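Q: structure for this input, please:
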Amino acid sequence: MKQLSLLLVTVGLNVAGQYLMKRGMSDLGPIVGSFMEMAQSLSRAFLNPWVIGGLGAYGFSTFCWLVLLSRVDLSYAYPALSLGYLLITLVSFLVLGEQVSPMRWGAVLIICFGVFLVSQS
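A: Here you go, the predicted model:
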């Protein structure tokens, strides 16, 4: 049970990191232009509080991931990370208002079914 909780925290932090970084980058807009213009945009991105929060969530998820890897097989842990696909798709749809096609939902469900099968072994 401890490993499952740790796995869910790791996945949750990954999802939070992705959401926060997307939120920050949406504030900044597309990164385009010359190399120097892109470098300036990326510099602003790394100063954005949303992006900083996202990177922090990723950093903490890495810590949790290392603890998890010390306890379970990689062949179990890594496929379970794909639960993030479902959660990211839900957050994208419900929070960010993104359009998610039926085909994409179907693909995510297939991934989740595969994760379920892996967890049963």
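
Q: just name the shakiest helix or strand of this protein by mean pLDDT.
A: Every helix and strand in the chain was compared by mean pLDDT, DSSP states H and E; the lowest is helix 74-80, with a mean of 85.

Q: avg pLDDT for the helix or strand following that one?
A: Next along the chain after helix 74-80, taking DSSP states H and E as the criterion, comes helix 83-94. Average pLDDT, helix 83-94: 93.

Q: helix, strand or coil: sort out G97 for me.
A: Under the three-state scheme (DSSP: H, G, I helix; E, B strand; the rest coil), G97 adopts coil.

Q: burial count for it?
A: 7 (other CB atoms under 10 Å). Bear in mind the C-beta positions are built from the backbone N, C-alpha and C, glycine included.

Q: outside of the least confident helix or strand of the chain, which residues touch it?
A: 7, 11, 65, 68-69, 114-115, 118-119, 121 (CB atoms under 8 Å, 6 or more residues apart in numbering).

Q: Throw those into a markdown table and include neighbour count, thanks.
A: As requested, those are exported to a markdown table (neighbours: other CB atoms under 10 Å):
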| residue | neighbour count |
| --- | --- |
| L7 | 21 |
| V11 | 22 |
| W65 | 21 |
| L68 | 23 |
| L69 | 13 |
| G114 | 12 |
| V115 | 17 |
| V118 | 15 |
| S119 | 13 |
| S121 | 7 |
